[in-house]
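S.K.: Build me a model from this:
(chains A and B)
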Amino acid sequence: MSVLKDAAHIYKESLGVLIIALGGGVFAGAVLGGEGMLEGFDSYPGLLLLVPAFLATRGNVYGALGARISSGLHQGLVEPRFEWNRRLRNAVVASFINGIFISVFIGFLAWGMMQILVSLGVRDDSAALVELVGITFIAGTLTSVVLIFGLLLLIFAGYRYGLDPDNLVGPIVTTLGDIFGVLFLFFAVVTVGVIL
Amino acid sequence: MTQGLIPGGSLGTWETRSIVATMIPILIVLSILEMGSGLVLEALEETYLANPTLLVLVPVMIDMGGNLGAILSSRLSTRLHLGTLDFSVRDRAILANVVAVIALAATIFVIMGFAAWGVGFIIGGELSLETLMTISVVSGMLLAVIAIFLSISMTFVSYKMGLDPDDTTIPIVTNVCDILGVLILSGVAIVVL
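M.R.: Residues are numbered from 1 along each chain as shown, chains lettered A, B, ... in the order given. Okay, here's the model as predicted:
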């Protein structure tokens, strides 16, 4: 087979998944660039700073869960259904802890960096610690619930349908993570605005 | 967004405590590195908030380098495991993969240009299709070239060091691309605008 023929095969195999991921990304981008979120960036200096870390860590936390469940299914250690299985439960609990902890940590980190920027005179003011951590905590918690259960549901369904979960995890995490990560970030900004 | 960081050796355990203990230090380091991208966004806050259509590109730029790198890395890694990979410029498998990734990137970032323009139309952005297309395609292709370079060199390094590229290449490539995506987008946007 020629190089171009091979390349065309790889292209066809991967394009669909990338287009779905692109759709998720564009949706997330539309929320980020939307009026409500722009007001949020304005009211909470430091919010823009934490967006890349918040979005990128989703992939690591839930991608690791997906890879683990996928290996577990292949090895017969986990059954493709929601059940009170010790392994499944431990993996889910660990992902909740990781997802929520790192979200809160990112809130602290962004606040700390803003304090440095303010003291250097680069920025005029920073959002309060409780505001930034409140936003990342609410957004991080809601995202973990949807991502963990959504990911498991789709992996189990795909596996029972005969698909290799190894190929599903990446695109599912990217797409769900983008859509719900940003939606819940927006929701958290509005909620913190009402409560605090 | 990254396609799953799999810390080597931890897959054998299913204890909550050890999964958390393995992941937390990695997550902390990654969040600190990601703050680099955040600082660039923050430094260019005025540009981004004045042109919200640019923000539309941010999540895709964070994701797509990692996605392209993961496609290439996992294929190279599989070839390496099968013993059919030859690290030379004449290796047809590497060449076919590189051509495919470049073609995929070109397709995705042209669609992205149109999509950003369409979304900009709805959210009231003022950037022209021409400007957005230039920013999307130039930064996307730069990112793709970096993802290709990183995937091949990291697979080679893992191979030389006797590490399983599944555990090393994909997480490193995807995370580095996550961080570089925003930096490249911002750099290109400054030049173009």
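
S.K.: tally of neighbours for A:Glu83?
M.R.: 9 (other Cβ atoms under 10 Å in any protein chain shown). For the C-beta atoms, the positions are set from N, CA and C on the backbone; glycine is no exception.

S.K.: helix or strand for it, which one?
M.R.: With elements taken from DSSP states H and E, nothing contains A:Glu83; it lies in neither a helix nor a strand.

S.K.: Tell me how far it lies from A:Gly99.
M.R.: Relative to A:Gly99, A:Glu83 is positioned 22 Å away (criterion: Cβ to Cβ, to the nearest Å).

S.K.: Over to B:Ile62?
M.R.: Using Cβ to Cβ, one gets 17 Å for the distance from B:Ile62 to A:Gly99.

S.K.: which of the two has more neighbours?
M.R.: Taking neighbours as other Cβ under 10 Å, B:Ile62 and A:Gly99 compare with B:Ile62 leading, 30 against 25.

S.K.: Excluding covalently adjacent residues, which one is nearest to that one?
M.R.: Counting by Cβ to Cβ, 6 or more residues apart in numbering or on different chains, B:Ile62 lies nearest to B:Gly181, which is 4.9 Å off, once chain neighbours are set aside.

S.K.: Any idea which residue of chain A lies closest to chain B?
M.R.: Of all residues in chain A, A:Gly63 sits closest to chain B, at 2.5 Å by Cβ to the nearest Cβ.

S.K.: neighbours around A:Asn167, how many?
M.R.: Counted with other Cβ under 10 Å, residues neighbouring A:Asn167 total 14.

S.K.: how close does it sit to A:Gly16?
M.R.: Applying Cβ to Cβ, the value for A:Asn167 to A:Gly16 is 11 Å.

S.K.: number of nearby residues for A:Ile20?
M.R.: 14.

S.K.: right, and it touches A:Ile172 too?
M.R.: No. The criterion here is Cβ atoms under 8 Å, and A:Ile20 misses it with A:Ile172 at 9.3 Å.

S.K.: quick one: low-confidence ranges for chain B?
M.R.: Applying pLDDT under 70 to the predicted model, the residue ranges of chain B that meet it are B:1-12, B:89-90.

S.K.: So for it, the centremost residue is which one?
M.R.: Of all residues in chain B, the one closest to the mean position by Cα atoms, centre = their mean is B:Gly65, 2.2 Å from it.

S.K.: Please report the distance of that residue from B:Ser37.
M.R.: Relative to B:Ser37, and taking Cβ to Cβ, B:Gly65 is found at 12 Å.

S.K.: list the residues that contact both of these two?
M.R.: Both B:Gly65 and B:Ser37 are in contact with B:178, B:181, where contact means Cβ atoms under 8 Å, 6 or more residues apart in numbering or on different chains.

S.K.: Give me the longest helix you can find in chain A.
M.R.: Of all segments of type helix in chain A, defined using DSSP state H, the longest is helix A:86-119.
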